[in-house]
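1. Output the structure for:
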Amino acid sequence: MFSIFERDLDPNPANYVPLSPVSFLERAARVWGGRTAVIYGDQRFTYAEFAARCRRLAAALRAAGVKRGETVAILAPNLPAMLEAHYAVPGIGAVLCPINIRLDAATIAFILRHGEARVLLADRAFAPSVREALARLEADAVYVDPPYNQHSYLANYHVWESLVRWDKPEVYGVACKRSDVRRRTSIFNSRPKARDALRRLLAGVRAPLLIVSFNDEGFLSRADLEAELAALWGGEARLAVLEIDYPRYVGARIGIHNPRGEKVGTVGRVRNKEFVYVLSRRDLAPLLSRVVATRSWPFPLRVSACSATV
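-> Down below sits the predicted model:
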């Protein structure tokens, strides 16, 4: 015999809503948007601000190709970024895999492999462990796009960097470069060190298919780069290259300016060639040529096999 409090009260949207961190944050931002949600040192975020940060991270993950049901791993201490990941990742229907920061590289690699992580978010403090863990992983394909000369990706193309750092950085110059890159450098931005750095990076890749993007303004000449690539896999690498002719980066089109913002000097060249190398143990140039021929492209594109020797 049902009581009056049980009769006609089967679960429905009016009386039964499964608890979810996503819906919790949505309601908190709507009802208590001005209240403090996060306190970390001197940082303070209201629920409205915290929800906006989580949405931006969710959008960044979706833009990176993360789909519903896929795994996003994170290696970080108890920072705001860790908390945001706990809302942003389920917000796009993905699965969050937090990794203990005390684990060694071998265990981290096992977790990434076993959990089939699509993306790894990692605090820079754990960069050595992350590099060693990633070197233990194998992939179907790896894409490498290193800085090719003294120009910093973080300075010239910082939209993604600013997005994933959830900041609105101080900038300088007409091109609005991040000011903090003046204190942050990459070994790839050093002419004497770039070639050896690239060689070590490529030697650590474990994949049957490797894609490398480079530029005709790079520290390495085309011949030197192709010699490095041809030496991979004991000299068995077969190279195909897509040559893309396109207008030079936006800074060249803006022109050369002094610190006061006044335009000075002239730009030496306004076009570049981007080289996209596809490496495998078999000749993929015929296949790439057929793929390129299936559609029209907004820029000149040519496919050829490379005959570089070690």
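2. Which parts of stretch 57-77 count as buried, going by neighbours?
-> In terms of neighbour count (16 or more other Cβ atoms under 10 Å), stretch 57-77 has its buried residues at 57-58, 60-62, 66, 70-76. (Glycine included, C-beta is placed from N, CA and C.)
3. go on, stretch 239-247?
-> 239-242, 244.
4. Now it - C-alpha only, PDB.
-> What follows is stretch 239-247, C-alpha atoms only, in PDB (Å, rounded to 0.1, in the frame of the first residue of the first chain):
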ATOM      1  CA  LEU A 239      59.900  11.600 -47.700                       C
ATOM      2  CA  ALA A 240      57.100  13.300 -49.500                       C
ATOM      3  CA  VAL A 241      56.700  17.000 -49.300                       C
ATOM      4  CA  LEU A 242      53.800  19.400 -49.800                       C
ATOM      5  CA  GLU A 243      55.100  22.900 -50.900                       C
ATOM      6  CA  ILE A 244      52.700  25.700 -50.000                       C
ATOM      7  CA  ASP A 245      53.300  29.200 -51.300                       C
ATOM      8  CA  TYR A 246      51.500  31.800 -49.300                       C
ATOM      9  CA  PRO A 247      51.700  35.400 -48.000                       C
END
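5. And stretch 68-78, end to end?
-> 25 Å (Cα to Cα, to the nearest Å).
6. can you put the buried residues of stretch 57-77 in TSV and add distance to residue 141, secondary structure and pLDDT?
-> Formatted as TSV, these follow (distance: Cβ to Cβ, whole Å; DSSP: H, G, I helix; E, B strand; the rest coil; pLDDT from 0 to 100):
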residue	distance to residue 141	secondary structure	pLDDT
57	26	helix	92
58	26	helix	94
60	22	helix	87
61	20	helix	92
62	21	helix	91
66	17	coil	93
70	17	coil	96
71	18	strand	97
72	20	strand	97
73	19	strand	97
74	23	strand	96
75	23	strand	95
76	27	coil	92
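7. Quick check: of those residues, which lies closest to residue 282?
-> residue 70 (29.5 Å; Cβ to Cβ).
8. Do I have it right that residue 207 meets residue 139?
-> Yes: contact status for residue 207 versus residue 139: in contact at 4.4 Å, counting by Cβ atoms under 8 Å.
9. what are the ranges of the strands in the stretch 101-250 of the chain?
-> Taking DSSP state E, counting those that start in this stretch to define them, one finds strands in the stretch 101-250 of the chain at 117-122, 142-144, 171-172, 177-178, 210-215, 238-247.
10. need the least confident one among those, by mean pLDDT.
-> Ranked by mean pLDDT, the strands of the stretch 101-250 of the chain end with strand 177-178 in last place, scoring a mean of 72.
11. For that one, which helices and strands make contact with it?
-> Under the contact criterion of 3 or more Cβ pairs under 8 Å, 6 or more residues apart in numbering; DSSP states H and E, strand 177-178 touches helix 153-156.
12. circling back: now, which of the buried residues of stretch 239-247 sits nearest residue 279?
-> Distance to residue 279, by Cβ to Cβ, is smallest for residue 239 among the buried residues of stretch 239-247, at 5.8 Å.
13. State the distance from the closest residue to that closest one other than its chain neighbours to residue 113.
-> Ranked by Cβ to Cβ, 6 or more residues apart in numbering and with sequence neighbours excluded, the top spatial neighbour of residue 239 is residue 306, at 3.7 Å. Residue 306 is 32 Å from residue 113, where distance means Cβ to Cβ, to the nearest Å.
14. per-residue pLDDT, the residue nearest to residue 239?
-> The confidence metric pLDDT takes the value 73 at residue 306.
15. Would you map the helices across the stretch 51-200 of the chain?
-> For the stretch 51-200 of the chain, the helices defined by DSSP state H, counting those that start in this stretch occupy 80-91, 105-114, 127-135, 153-156, 159-164, 191-203.
16. Of the ones you listed, which shows the lowest average pLDDT?
-> Among the helices of the stretch 51-200 of the chain, helix 159-164 scores lowest, with a mean of 54.
17. can you tell me which residues contact the residue lying closest to residue 232 once chain neighbours are set aside?
-> Leaving aside its sequence neighbours, residue 232 sits nearest to residue 202 (Cβ to Cβ, 6+ apart; 6.1 Å). By Cβ atoms under 8 Å, 6 or more residues apart in numbering, the residues touching residue 202 are 144, 210, 212, 228-229, 232.
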